[in-house]
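Trainee: Mind folding the following:
(one chain, ligands or ions: 1)
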Amino acid sequence: MSELVFLKLGGSLITDKSSPNTPRPDALKRLALEIKNALEAGGDDLRLVIGHGSGSFGHIAASKHKTAQGDIGPESWQGVVDVVAAVGRLNRLVMDTLLEAGVPAVPFQPFASARTRKEQLMYFETYSLKEVLKHGLVPVVYGDVSIDAVQGMSIVSTEKLFDNLARELIPDRILLAGDLDGVYTGNPKTNPAAGLVEDIDHTNWAEVEMALGGALTVDVTGGMLAKVRDMYHLTLAMPPMQALIFSGLEPGNVESALLGQGANFGTLIN
Ligand code: IPE
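Mentor: As a prediction, this is how the structure comes out:
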């Protein structure tokens with residue numbers, strides 16, 4: 001049975017978030033090879049859309065200019081220039097690494113066609129993306145700036161783009177690979193009592209939401225809570241779609257998650 005999978009390579013996985021504009025080329029190379037292996041093993045049965053975060057490339061410029069808040073000062077439009085440039089540079093690196101590994105990837109610049117209203121993604125152009133997908137190519141999207149009808153400009157995260165694309169393309173699974181083993185009940189880097197949540201569904205959502213609300217984030221797109229909330233609402237609206245949040249730092253995880261062998265790690269949302 002043919003499967004459509006969306007895979008996000010999180011900004012914390014492909015960049016060093018503690019240092020500005022610093023990619024993790026070795027991790028990227030390994031991830032690209034895992035993707036290539038999975039595509040080879042999956043053959044015609046696996047169709048893939050890749051998204052990637054911006055990590056230490058976009059978030060730093062976007063928080064400097066408060067881009068997510070819109071046109072709030074004389075530097076806001078220069079902020080658009082800076083963030084588009086920063087995320088574009090990272091996209092070039094991701095693209096080159098995917099192409100070197102033999103993945104037939106083609107980029108779609110979200111800034112060129114995404115439209116938001118007060119940070120809500122209202123439109124994202126999909127015609128060409130759907131066409132290339134039909135021919136076995138791998139579309140690549142990424143967190144970017146958007147022109148916002150109400151506030152001038154805003155930020156669209158990869159999760160928002162996936163949400164929009166999912167309602168049209170109806171993927172079987174959404175995989176979010178980051179630097180953590182999954183969703184924790186707190187910030188595992190600062191709180192040793194934080195525990196990994198293996199499953200999120202309607203029976204424990206309220207509890208998880210409350211726990212994550214207290215987790216520390218410095219992320220312009222809302223950190224883990226926003227990502228998990230987006231995925232929870234999406235999977236709830238579109239059963240039997242599932243989302244898996246897991247660590248892409250562990251070699252082999254991305255490959256096995258792509259091939260549907262991911263149920264024994266990470267956090268499954270459905
Ligand atoms: C953030 O995109 C985009 C910008 C800050 C410009 P994401 O939300 O998809 O990226 P990560 O994974 O948090 O880095």
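Trainee: How about Gly58, nearest residue that isn't a chain neighbour?
Mentor: Of all residues not flanking Gly58 in the chain, Val87 sits nearest, at 4.3 Å (Cβ to Cβ, 6 or more residues apart in numbering). For every residue, glycine as well, the C-beta is placed using N, CA and C.
Trainee: for the stretch 51-200 of the chain, what spans make up the strands?
Mentor: Under the criterion DSSP state E, counting those that start in this stretch, the stretch 51-200 of the chain contains strands at 105-107, 115-117, 120-123, 138-142, 144-148, 152-156, 173-178, 183-184, 196-197, 199-200.
Trainee: Among the ones you listed, which comes closest to the ligand?
Mentor: strand 152-156 (4.9 Å; Cβ to the nearest ligand atom).
Trainee: Given the closest one, what are its sheet partners and their directions?
Mentor: Strands adjacent to strand 152-156 in the sheet, as given by DSSP bridges, are strand 144-148 (antiparallel).
Trainee: hmm, who's touching the partner strand?
Mentor: Residues outside strand 144-148 that contact it (Cβ atoms under 8 Å, 6 or more residues apart in numbering): 54, 58, 62, 67, 70, 80, 83-84, 87, 109-111, 114-119, 121, 153-156.
Trainee: What are the buried residues along it?
Mentor: 144-146, 148 (16 or more other Cβ atoms under 10 Å).
Trainee: Could the C-alpha coordinates of that strand be exported in PDB?
Mentor: Backbone C-alpha positions of strand 144-148 (Å, rounded to 0.1, in the frame of the first residue of the first chain) are rendered in PDB as follows:
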ATOM      1  CA  ASP A 144       9.900  31.100   6.900                       C
ATOM      2  CA  VAL A 145       8.500  34.600   6.900                       C
ATOM      3  CA  SER A 146       5.100  35.300   5.500                       C
ATOM      4  CA  ILE A 147       3.300  38.400   4.300                       C
ATOM      5  CA  ASP A 148       0.500  38.900   6.800                       C
END
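Trainee: In CSV, list the buried residues of strand 144-148 along with pLDDT and distance to the ligand.
Mentor: Below are these laid out as CSV (pLDDT from 0 to 100; distance: Cβ to the nearest ligand atom, whole Å):
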residue, pLDDT, distance to the ligand
Asp144, 97, 6
Val145, 98, 6
Ser146, 98, 10
Asp148, 98, 13
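Trainee: From Phe162, how far out is Ala211?
Mentor: To Phe162, Ala211 is 23 Å away according to Cβ to Cβ, to the nearest Å.
Trainee: more crowded one of these two?
Mentor: For Ala211 versus Phe162, neighbours defined as other Cβ atoms under 10 Å are more numerous around Phe162 (25 against 18).
Trainee: Relative to the ligand, how far out is Leu180?
Mentor: As judged by Cβ to the nearest ligand atom, to the nearest Å, Leu180 and the ligand stand 12 Å apart.
Trainee: What pLDDT is listed against the spatially closest residue to Tyr123 that is not a sequence neighbour?
Mentor: Leaving aside its sequence neighbours, Tyr123 sits nearest to Arg115 (Cβ to Cβ, 6+ apart; 4.3 Å). On pLDDT, Arg115 comes in at 97.
Trainee: okay but the residue nearest to Gly58 is in contact with Ile60, surely?
Mentor: No: using Cβ atoms under 8 Å, Val87 is not in contact with Ile60; the gap is 11.0 Å.
Trainee: quick one, which of the two is more surrounded?
Mentor: When Val87 and Ile60 are compared for neighbours, Val87 comes out ahead with 28 against 18, by other Cβ under 10 Å.
Trainee: which ones are touching the more buried one?
Mentor: Residues in contact with Val87 (Cβ under 8 Å, 6+ apart) are 54, 57-58, 142-145.
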